[in-house]
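# please work out how this folds:
(2 chains)
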Amino acid sequence: GAGVSQSPSNKVTEKGKYVELRCDPISGHTALYWYRQSLGQGLEFLIYFQGNSAPDKSGLPSDRFSAERTGGSVSTLTIQRTQQEDSAVYLCASSLTGAGADAQYFGPGTRLTVT
Amino acid sequence: GEDVEQSLFLSVREGDSSVINCTYTDSSSTYLYWYKQEPGAGLQLLTYIFSNMDMKQDQRLTVLLNKKDKHLSLRIADTQTGDSAIYFCAVLQGGKLIFGQGTELSVKP
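All right, here's what the predicted structure looks like:
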């Protein structure tokens, strides 16, 4: 695959449920990022993985959110006890090394709707 | 922290030039990016500029950077209806991107 892929493309869940969002970065990219896009907040950073370093979790909005990256490739963003304010498009991006000159390439996103 | 601001809307006629402006607050920002988002689609990287440059040109796109005023602009020459989209300015800070609110460009035939 040439680009970043994400699944599912759409997810509707009830308030209080658990959701899991998946991201497959571009092959060979060592840095992976999660952002979310919502009407009220715009585009906001959530978490950043670079190689084997500890992830930068400074953007996670609450302890209901967590993410992991297994084997330096695929990443999963999980949200526990979902709330209506979690409704947003969750975007994943990857870059070659995470250095500034390596641009971040985005996937198509997962649209999460919490009812 | 970094704050990135853009005007929300711009309307131009097909064939005219479009100029989308962006201001930022952190003078130590090193890489600045422009992304395009079409309806229902993800973010497409258009171009980026390093802070030691004043200008970068790529076909119809020209990026101007004024470090003194912390002002970035994207000029699209000969704007086409296919350029209608939301354009996001983004600044790299600590490895992560800080985005502006996005400028919705409307191109009228």
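
# got the residue ranges for the strands in chain A?
Secondary structure of chain A by DSSP state E: the strands cover A:5-7, A:10-13, A:19-24, A:31-38, A:42-50, A:65-69, A:75-79, A:88-95, A:105-106, A:110-114.

# what's across from residue B:99 in the sheet?
Beta-bridge pairing for residue B:99 (DSSP bridges): residue B:90.

# same list (the strands of chain A) but as TSV, adding distance to chain B and mean neighbour count.
Using the backbone N, CA and C atoms, a C-beta is placed for each residue, glycine as well. Below are the strands of chain A laid out as TSV (distance: least, C-beta to the nearest C-beta, whole Å; neighbours: other C-beta atoms under 10 Å in any protein chain shown):
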stretch	distance to chain B	mean neighbour count
strand A:5-7	9	18
strand A:10-13	11	14
strand A:19-24	12	18
strand A:31-38	7	24
strand A:42-50	4	21
strand A:65-69	14	17
strand A:75-79	15	19
strand A:88-95	6	24
strand A:105-106	4	22
strand A:110-114	9	18
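
# can you list the ones you listed in a markdown table and add mean pLDDT?
Converted to a markdown table, the strands of chain A look like this (pLDDT from 0 to 100):
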| stretch | mean pLDDT |
| --- | --- |
| strand A:5-7 | 97 |
| strand A:10-13 | 98 |
| strand A:19-24 | 98 |
| strand A:31-38 | 96 |
| strand A:42-50 | 94 |
| strand A:65-69 | 96 |
| strand A:75-79 | 98 |
| strand A:88-95 | 96 |
| strand A:105-106 | 94 |
| strand A:110-114 | 97 |
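
# make TSV out of the ones you listed and add distance to residue B:43.
As requested, the strands of chain A are exported to TSV (distance: least, C-beta to C-beta, whole Å):
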stretch	distance to residue B:43
strand A:5-7	12
strand A:10-13	18
strand A:19-24	14
strand A:31-38	9
strand A:42-50	8
strand A:65-69	19
strand A:75-79	17
strand A:88-95	7
strand A:105-106	4
strand A:110-114	14
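
# between those strands, which gets nearest to residue A:59?
Nearest to residue A:59, of all those, is strand A:42-50, at 4.0 Å by C-beta to C-beta.

# what angle sits between the closest one and strand A:65-69?
40 degrees (axes from the mean of the first three to the mean of the last three C-alpha atoms, to 10 degrees).

# list the helices and strands strand A:42-50 packs on?
On a contact count with 3 or more C-beta pairs under 8 Å, 6 or more residues apart in numbering or on different chains; DSSP states H and E, strand A:42-50 meets strand A:31-38, strand A:65-69, strand A:75-79, strand B:96-99.

# please identify which of these is closest to residue A:19.
Distance to residue A:19, taken as C-beta to C-beta, is lowest for strand A:75-79 among the helices and strands packed on strand A:42-50, at 5.0 Å.

# direction included, what does that closest one pair against?
Applying DSSP bridges, one finds strand A:75-79 paired with strand A:19-24 (antiparallel), strand A:65-69 (antiparallel).

# who touches that strand?
Residues outside strand A:75-79 that contact it (C-beta atoms under 8 Å, 6 or more residues apart in numbering or on different chains) are A:18-23, A:25, A:32, A:34, A:46-47, A:49, A:64-70, A:86, A:90, A:92, A:112.

# can you do 10 Å?
With contacts defined as C-beta atoms under 10 Å, 6 or more residues apart in numbering or on different chains, strand A:75-79 is touched by A:6, A:11, A:13, A:17-25, A:32-34, A:36, A:46-47, A:49, A:55, A:60-62, A:64-70, A:86, A:90, A:92, A:94, A:110, A:112, A:114.
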